[in-house]
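Colleague: Structure for the following, please:
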Amino acid sequence: MEVMNRSLERIRLETRIRILDVASVVDITPHMRRIRLSGAELEGFQSPGHADHVKVFLPSDGKPLPRPERHPDGLVWPDDTAKPFVREYTPRYFDAEALTLDLDFVLHGDGPASSWAAAARPGDQLMIGGPRGTIRVPEAFDWYFIAGDETALPAIGRRIEELPANKPAIAIIEVPEPADEQRFETSSPVEIHWVHRNGREAGAENLILPAVAEIGFPAGDGFAFVAGEAQMAKGLRHHLVARGFNNDYIRAAGYWLRGEAGE
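Modeller: Next comes the predicted model:
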């Protein structure tokens, strides 16, 4: 009898600080802006996993950031440099030949990252670091489950597009309105359900949970990736376990918490 290896593979990556140029800015939906970064410093960049994160360093005083020094305790900035804002973003696309990296930013009107993205223009610069590591999900599962809000759409989009061919999948995605739905190119027979807030406050209700409760799951062992508002992710994990999911086969990440400062 063949034993299926369903253990997650954790891989450490070389962490480097890179200063990149904004090559293009495109609004892919009313609330999502894709910024393409380019530069020779992308040589050697790696992002094998759909939920990888790079740190984005944003100046808190509007002045360009100098490259920090790396010390054992972390990054050290020059004494006259204001401590930057640091946020984490999922690499959406990376082209190793063209040396370009796409990051998707949710435009929600406040927060240092959203404000920077709203004002970004070709020729601007952005400093990033990482990813520090990655997690690879094996293709040994019978099916895959994906859920999250728009803050997780870069990771969700990558996950859908990188799903194993001919493996069924279900995705539940919450966005502000129908115009925020995205299209994905995938060889998987994925069933996508969009949930629209239609003016309701993000995170005020767990709109994903009742949508999931109405859906039947395929037979066999599934792996779940859930990301977005923290309480939503926590509640959905409990729901999946109650419906028979192995807790070890669920990766639930809180990308933000309602009531805390935005991106």
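Colleague: does Asp102 belong to a helix or a strand, and which?
Modeller: Assessed by DSSP states H and E, Asp102 sits inside strand 100-106.
Colleague: Helices of the stretch 151-263 of the chain, residue ranges please.
Modeller: Remark: helices assigned in the stretch 151-263 of the chain by DSSP state H, counting those that start in this stretch are 153-161, 208-213, 230-242.
Colleague: returning to that earlier point: can you give the strand pairings for the strand holding Asp102, parallel or anti for each?
Modeller: Here strand 100-106 has these sheet partners by DSSP bridges: strand 32-38 (antiparallel), strand 91-95 (antiparallel).
Colleague: Those into TSV, with extra columns for distance to Pro122?
Modeller: For glycine as for every other residue, the C-beta is placed from the backbone atoms N, C-alpha and C. Shown next, in TSV, are the strands paired with strand 100-106 (distance: least, Cβ to Cβ, whole Å):
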stretch	distance to Pro122
strand 32-38	9
strand 91-95	17
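Colleague: Deepest-packed of the ones you listed, please.
Modeller: Among the strands paired with strand 100-106, strand 32-38 has the highest mean neighbour count (mean count of other Cβ atoms under 10 Å), at a mean of 21.
Colleague: Beyond that one, next helix or strand please.
Modeller: Sequence order places strand 54-58 as the next helix or strand after strand 32-38, per DSSP H and E.
Colleague: average pLDDT for that following strand?
Modeller: On average, the pLDDT along strand 54-58 is 96.
Colleague: For this structure, give me the ranges with low pLDDT.
Modeller: Where the chain drops to pLDDT under 70, the residues are 1-4, 261-263.
Colleague: ok, residues contacting stretch 94-108?
Modeller: Residues outside stretch 94-108 that contact it (Cβ atoms under 8 Å, 6 or more residues apart in numbering): 20, 23, 27-28, 30-40, 42-43, 45, 47, 54, 56, 89-93, 113-114, 116-118, 128, 150-151, 153-154, 157, 202, 262-263.
Colleague: Just the CA atoms of the strand holding Asp102, as CSV, please.
Modeller: The C-alpha trace of strand 100-106 is given here as CSV (Å, rounded to 0.1, in the frame of the first residue of the first chain):
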residue,chain,number,x,y,z
THR,A,100,10.1,42.0,-12.8
LEU,A,101,8.0,41.5,-9.7
ASP,A,102,4.2,42.3,-9.4
LEU,A,103,2.7,43.3,-6.1
ASP,A,104,-1.1,43.8,-5.7
PHE,A,105,-2.2,46.5,-3.3
VAL,A,106,-5.7,46.9,-1.9
